[in-house]
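**Q** Sequence first, predicted model second:
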Amino acid sequence: MQTNYDVIVIGGGASGMMASIYANRNGYTTLVIDHNEKLGKKLYITGKGKCNLTNNSSIENHLLNTVTNSKFMYSALNAFSPQDTMEFFEENGLKLRTERGNRVFPNSDKSSDVIKTLERAMQRHGVTVSLNNEILDVDKKNDIFYIKCDTGITYTANSLIIATGGVSYAGTGATDFGYKLAKKFGHKVIVPKSALCPIVVKEDVSELNGLALRNISLAFIDDKKTFSEQGDMLFTFNSLTGPIALTLSSKINKLNLQNKKLYLDLKPALTEEKLDNKLQREFVEYAKKDYKNYLSTLLPASFIDFFMDKTKIKNKKISEMTKNDRQIIINTLKKFDFSIKSLDNINVSIVTSGGVDVKEINAKTCESKLVPNLYFVGEVLDVDALTGGYNLQIAWSTGYLAGNSLKG
């Protein structure tokens, strides 16, 4: 059994597989070690099993959608662009299509086909894979890395690529092992936080569980800045989720959320003045209607009782509504507030924000500035982006960069 390799990749996810392919293509004997029973376990559930594998847009757009340390990604994205990613998969036999928002999916809508494509490329280039393999210890002596496994085997390599991912989705085998290795080699690790996750609120929203709101605006107002997203949102039994809430969570996860609120604008297309004019007209037109029945023209049926409780206006005829009542309705439609309890648990976040401090990583190679021939790629790094294929592109680009930058 071979135990000596030019390169060992710890982690068989998106970035690890890509790194191993390019390491082997460049003539380096390569071993991928993963403690899971199969490669790409988190990749399998990406995009609800469809795998939004990149975004068919410019590098500049990818940088704009990278929330944390976007500048670090400049070299990696230029070395291996979204278009390079698409070309790689298509050349390896995977047919792709681009959907709304430039999101790229396999034609089959099966993430398993993305994984199979990577596995075939790994096999073709001669990458060795060791699964169900727990690493007990990693050390470096005399420029050689020693990887001791629970099988009793110790592997050695001239270069080591750490592609262990973040800590979100523990069910896919995610652990903090990569962070522990980084610290062992002297690296600083930025405390992991939830990103692209539901925002838990203090109010009892259980009666709204499953309700989707379309074309609304959600805002967070900090002391110095307002963060706002417009689109669709969904309630769970205790939180706000859906596209705009997930996006907002990534933009505010490093801020102090204590005693802070979220604000829903249920009619973002209308200014307060236009909304007031609309209500004045309709209060005449629907004068004989009850307040509750009138609200059905403005809101989804399952949101009406919750809205009425918020306004504290008792049900009565529209003809009996006062100017003050009308103003309360307008204010509530435009600024329906929720008190933030917390971001949801990191186990349910789509990605991890935080990880190995990129100030200690060479952005042009993904090599450690502290330890020669040690590389960090993918979600283990303190880099994260919004939904739309941007996070997987980070994995492909950094994996490529490390695999293509090996020395010796």
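**A** On my side now, so go ahead. The structure presented is a predicted model; accordingly, all values stated were derived computationally and were not measured.

**Q** for the chain, what helix or strand is lowest in average pLDDT?
**A** When the helices and strands of the chain are scored by mean pLDDT, DSSP states H and E, helix 41-45 comes last with a mean of 91.

**Q** Can you list the neighbours in contact with it?
**A** With contact meaning C-beta atoms under 8 Å, 6 or more residues apart in numbering, helix 41-45 is reached by 13-14, 51, 111-112, 114-115, 165, 169, 172-174, 392. Quick note: C-beta positions are derived from backbone N, CA and C, even for glycine.

**Q** same thing but at 6 Å, please
**A** For helix 41-45, the external contacting residues (C-beta atoms under 6 Å, 6 or more residues apart in numbering) are 13-14, 111, 115, 169, 172-173.

**Q** And for stretch 167-182?
**A** Against stretch 167-182 from outside (C-beta under 6 Å, 6+ apart): 36, 41-42, 138, 162, 164-165, 189, 192, 346-347, 349, 351-352, 356, 380.

**Q** how about residue 341, phi and psi?
**A** Backbone torsions of residue 341, given as degrees, to the nearest 10, read phi -90, psi -50.

**Q** got the contact list for it?
**A** 200-202.

**Q** ok, now how distant is it from residue 251?
**A** Applying C-beta to C-beta, to the nearest Å, the value for residue 341 to residue 251 is 18 Å.

**Q** does the most centrally placed residue in the chain have beta-bridge partners, and which?
**A** Nearest to the geometric centre of the chain sits residue 351, at 3.9 Å (C-alpha atoms, centre = their mean). Applying DSSP bridges to residue 351 yields these beta-bridge partners: residue 195.

**Q** What residues does it make contact with?
**A** Here residue 351 is in contact with 168, 195-196, 384, 391 (criterion: C-beta under 6 Å, 6+ apart).

**Q** Including neighbour count, distance to residue 233 and pLDDT, could those go into JSON lines?
**A** Shown next, in JSON lines, are those (neighbours: other C-beta atoms under 10 Å; distance: C-beta to C-beta, whole Å; pLDDT from 0 to 100):
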{"residue": "168", "neighbour count": "26", "distance to residue 233": "21", "pLDDT": "90"}
{"residue": "195", "neighbour count": "28", "distance to residue 233": "17", "pLDDT": "96"}
{"residue": "196", "neighbour count": "26", "distance to residue 233": "14", "pLDDT": "96"}
{"residue": "384", "neighbour count": "27", "distance to residue 233": "21", "pLDDT": "98"}
{"residue": "391", "neighbour count": "28", "distance to residue 233": "21", "pLDDT": "97"}
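
**Q** any idea which of those residues is closest to residue 330?
**A** residue 196 (32.5 Å; C-beta to C-beta).

**Q** Neighbour-wise, which one of the contacts of residue 341 leads?
**A** Neighbour tally across the contacts of residue 341 (other C-beta atoms under 10 Å): the maximum, 20 neighbours, falls on residue 201.

**Q** Which residue ranges of the stretch 251-400 of the chain form helices?
**A** Here the stretch 251-400 of the chain has its helices, by DSSP state H, counting those that start in this stretch, at 272-285, 291-295, 301-311, 323-334, 390-403.

**Q** Single out the most deeply packed of those.
**A** Among these, helix 390-403 has the highest mean neighbour count (mean count of other C-beta atoms under 10 Å), at a mean of 29.

**Q** Retrieve the pLDDT associated with residue 408.
**A** What the model reports as pLDDT for residue 408 is 66.

**Q** Over to residue 362?
**A** 98.

**Q** List the contacts of it.
**A** Contacts of residue 362 (C-beta under 6 Å, 6+ apart): residue 369.

**Q** Please determine how far it is located from residue 201.
**A** 42 Å.

**Q** For residue 60, which of the helices of the stretch 251-400 of the chain is the nearest?
**A** Closest of the helices of the stretch 251-400 of the chain to residue 60 is helix 390-403, at 12.3 Å (criterion: C-beta to C-beta).

**Q** The closest one - contacts with which helices or strands?
**A** Where contact means 3 or more C-beta pairs under 6 Å, 6 or more residues apart in numbering; DSSP states H and E, helix 390-403 is packed against helix 14-25, helix 73-79.

**Q** Now do that helix and helix 14-25, the angle between them.
**A** Interaxial angle, helix 390-403 versus helix 14-25 (axes from the mean of the first three to the mean of the last three C-alpha atoms, to 10 degrees): 30 degrees.

**Q** residues making contact with helix 390-403?
**A** Taking C-beta under 6 Å, 6+ apart as the rule, helix 390-403 contacts 14-15, 18-19, 22-23, 53-55, 62, 65, 76-77, 79-80, 82, 85, 161, 351, 366, 375, 377-378, 383, 385.

**Q** ok, back up a step: and the contacts of helix 41-45, which is closest to residue 154?
**A** residue 173 (22.3 Å).

**Q** burial measure for the closest one, as a count.
**A** Residue 173 - counted by other C-beta under 10 Å - has 19 other residues nearby.

**Q** pLDDT below threshold where in this structure?
**A** Residue ranges of the chain with pLDDT under 70: 408.

**Q** residue contacts, residue 3?
**A** Here residue 3 is in contact with residue 155 (criterion: C-beta under 6 Å, 6+ apart).

**Q** now it: how far from residue 351?
**A** Taken as C-beta to C-beta, the span from residue 3 to residue 351 is 34 Å.

**Q** So in that sheet, which strands flank the helix or strand hosting residue 5, and in what orientation?
**A** Per DSSP states H and E: residue 5 is located in strand 4-10. According to DSSP bridges, strand 4-10 forms sheet pairs with strand 30-33 (parallel), strand 154-162 (parallel).

**Q** Residue 217: which of these is closest?
**A** Residue 217 sits nearest to strand 154-162 of all these, at 40.2 Å, using C-beta to C-beta.

**Q** What's the first helix or strand after that closest one?
**A** helix 177-184.

**Q** What angle do strand 154-162 and that following helix make with each other?
**A** 90 degrees.

**Q** List the buried residues of helix 177-184.
**A** Under the neighbour-count criterion of 16 or more other C-beta atoms under 10 Å, helix 177-184 has 177-179, 181-182 buried.
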